[in-house]
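>>> heads up, no residue letters with this:
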């Protein structure tokens, strides 16, 4: 009989109480002289002068974390540099996979930029990052600037446990910065470096020196205090550095994406689980992660700012009671009670076999400090906290249009919706906020989201039945699937009229798509509207699902087929903001023509919201065998036809000839001009033009001629989304490119 390895909740609680006692003993601040820890190797100093240049190669740490992931994304978007990423991994391929997986988890991976990400397998806590002298030399000679965001963030570890990464790792970053050639260091510190009792009640400016360390109790804060002091030592020796001090960092202000392992997230969830929140006189200075990284990259690109420190705290603060009120307004039953009572209830819940999200943090909440024997959260109350001035930072950022969003009802709604969508939070029992209908509606689906996903990338037989097993992975034949991941725009199928093997006119499907709040295609579009390509995909994808359900390709069960959109037309009756809404698609089969190796079908479709049709049209598709598809000649009849302006009898030169890959074009055409807000090109995944030529009176009818070009790469993001086992560029994006050119 095997011995059970399960530990009951009472044992866990007892272990946590023991940890709390040990935590206090190990973090006896009187036994640590932080000032004596501020030592920088005497060999770490610049040997050459530094000349500010646009970086071609950037070195960054922390990219497998939360802030580091978004900082990497911002650097990829705002620079053209190759970015060397220090990551713990046995080899570069595994390191690249870790980076990709992390960015994907936050919805910010962009395959088209991935070739600029260069993983460096190393360990921040080791001398030279664990690299050989030759490897360290090579990196030091290649990179032009360093962004150091990596740190071990924990609220229950002591200074000695954090020193290797947070302090000695920072020293190795400074060593790299001074080695061979001088590289500026942009160091991510924290407002927690000013936790000393010497700063209680004081207003501190960004250029005030960091002096006092008395009564800094958290091991993390101690380690960051020492690390920032070491960075200032390097600055005093002539190394160009900038120091950025964020407060608690919240989720993305547009998507709501947040690291739910963060203490603020756990505090919110734990209080919801408990039904109670501690009544403290506490100010939350939460700064969204997108504000943090945009600020760092913007400030770091200005030569005159080298050597300065910047406080990135949110000027729009919210009291802890106000935050609880916001949560109550969404329908969550949470009551404010005195802190000591809250601690007792949290301990009782854990003891009574009701695990709470905050249970692992009990040592942090229970440990007593200072002569008054109070806890860390009580030490942070308004009567003791320092006030960090950030006006200089705000003034500089205002010139670039960067502002820190307030934690108000709007932003909190975005966060709560993300928590619910991601499964981190449950719906409140009494819903009071305007949640998207798909979160509250109880619907009976003919095909669930899981079954739809099986059709997209999994086992087709798990969606449609065993007869379709011939198309599963490992089968002899294949058919095109429905688009997946970023381009999957079907959430469920409510109804299908028609039966397999009965491919008849009038067969129909009713499907729904739950549009997220602020999805990627809204964020990346040139204006706050849904891109036409997305409307096309919402309209067309159920047609492909219906065709597959009816067993269209089973007419030739031993034949593989490719599915292609051939033609179509659509009318938009009303331009609506579809964010957070559930769109209903009704599509009907109009006709089917069957020729050996080729099956042609036509459908009509309607998109409806709130019982109102806002988009409808018709579309034609074809299922093609590999042999038939290979012989399709297209509109140009298989010939290489020159663009009109290149033909021999055309002597006109373009009045406008744009290379949209240059930085000048990026600044002019990809940033919103307040005077012409709609004349702006889309970015990232919707960036579909490389070159545009315009002849005012050109073309067959002399009414104007546009020639546009986009270089297609095998690594472009949409090939993985469209389709599984049959990568092809979506025709909808071709239409989007034409609209952008016009």
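Received the coordinates, thanks. Model, not experiment: these values are computed from the prediction. Numbering: from 1, shown residues only.
>>> use CA for all of it now, contacts and neighbours both
Noted.
>>> ok, and the closest non-adjacent residue to residue 369?
residue 375 (6.0 Å; Cα to Cα, 6 or more residues apart in numbering).
>>> give the contact list for the one you found.
364-369 (Cα atoms under 8 Å, 6 or more residues apart in numbering).
>>> And for residue 671?
680-681 are the contacts of residue 671 under Cα under 8 Å, 6+ apart.
>>> Need phi/psi at it.
phi -120, psi 140 (degrees, to the nearest 10).
>>> next one: residue 683
phi -120, psi 170.
>>> Kindly provide the distance from it to residue 737.
12 Å (Cα to Cα, to the nearest Å).
>>> cool, and residue 39?
57 Å.
>>> ditto for residue 146
Counting by Cα to Cα, the gap from residue 146 to residue 737 is 36 Å.
>>> With neighbour numbers in mind, choose between the two.
Per other Cα atoms under 10 Å, whichever of residue 146 and residue 737 has more neighbours is residue 146, with 24 against 20.
>>> Report the secondary structure state of the more buried one.
Here residue 146 is strand, with the state taken from DSSP: H, G, I helix; E, B strand; the rest coil.
>>> For it, give me its contacts.
Shown in contact with residue 146 (Cα under 8 Å, 6+ apart): 58-60, 177, 183-186.
>>> Do you know the pLDDT at it?
Residue 146 is assigned 99 on the pLDDT scale.
>>> buried sites along stretch 69-85?
Of the residues in stretch 69-85, those buried by neighbour count under the rule 16 or more other Cα atoms under 10 Å are 69-76, 79-85.
>>> One more: stretch 543-556?
Buried residues in stretch 543-556 (16+ other Cα under 10 Å): 543-554.
>>> gap between the two ends of it?
20 Å.
>>> how far does it sit from the chain's center?
36 Å (Cα atoms, centre = their mean, to the nearest Å).
>>> Check stretch 725-742 too.
With Cα atoms, centre = their mean, you get 24 Å for stretch 725-742.
>>> Same check on stretch 81-88?
Distance, centroid of stretch 81-88 to centroid of chain: 18 Å (Cα atoms, centre = their mean).
>>> May I have the beta-bridge partners of residue 510?
When bridges are called by DSSP bridges, residue 510 pairs up with residue 495, residue 586.
>>> gap between it and residue 643?
Taken as Cα to Cα, the span from residue 510 to residue 643 is 42 Å.
>>> go on, residue 401?
41 Å.
>>> Between these two, point out the one with more neighbours.
residue 643 (10 against 7).
>>> pLDDT value on the residue nearest to the more buried one when sequence neighbours are not counted, please?
Nearest residue to residue 643 in three dimensions, chain neighbours excluded: residue 707, at 7.5 Å (Cα to Cα, 6+ apart). As predicted, residue 707 sits at a pLDDT of 88.
>>> Tally up the residues packed near residue 707, please.
There are 17 residues near residue 707, going by other Cα under 10 Å.
>>> which residues does it contact?
643, 692-694.
>>> and the residues you listed, which of them are in strands?
692-694 (DSSP state E).
>>> Could you export these to a markdown table, including columns for neighbour count, pLDDT and distance to residue 224?
Converted to a markdown table, the ones in strands among the contacts of residue 707 look like this (neighbours: other Cα atoms under 10 Å; pLDDT from 0 to 100; distance: Cα to Cα, whole Å):
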| residue | neighbour count | pLDDT | distance to residue 224 |
| --- | --- | --- | --- |
| 692 | 18 | 90 | 50 |
| 693 | 19 | 88 | 53 |
| 694 | 20 | 88 | 56 |
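>>> which one of those sits closest to residue 96?
Ranked by distance to residue 96 (Cα to Cα), those are led by residue 692 at 34.2 Å.
>>> Quick check: closest non-adjacent residue to that closest one.
Using Cα to Cα, 6+ apart, the nearest residue to residue 692 is residue 708, at 4.4 Å.
>>> Secondary structure element for that neighbour, which one?
Element membership for residue 708 (DSSP states H and E) is strand 705-709.
>>> chain center to the helix or strand following that strand, what's the gap?
Toward the C-terminus, strand 705-709 is succeeded by helix 718-721 as the next helix or strand (DSSP H and E). Between the centre of helix 718-721 and the centre of its host chain there is 18 Å, according to Cα atoms, centre = their mean.
>>> can you check stretch 138-158 too?
21 Å.
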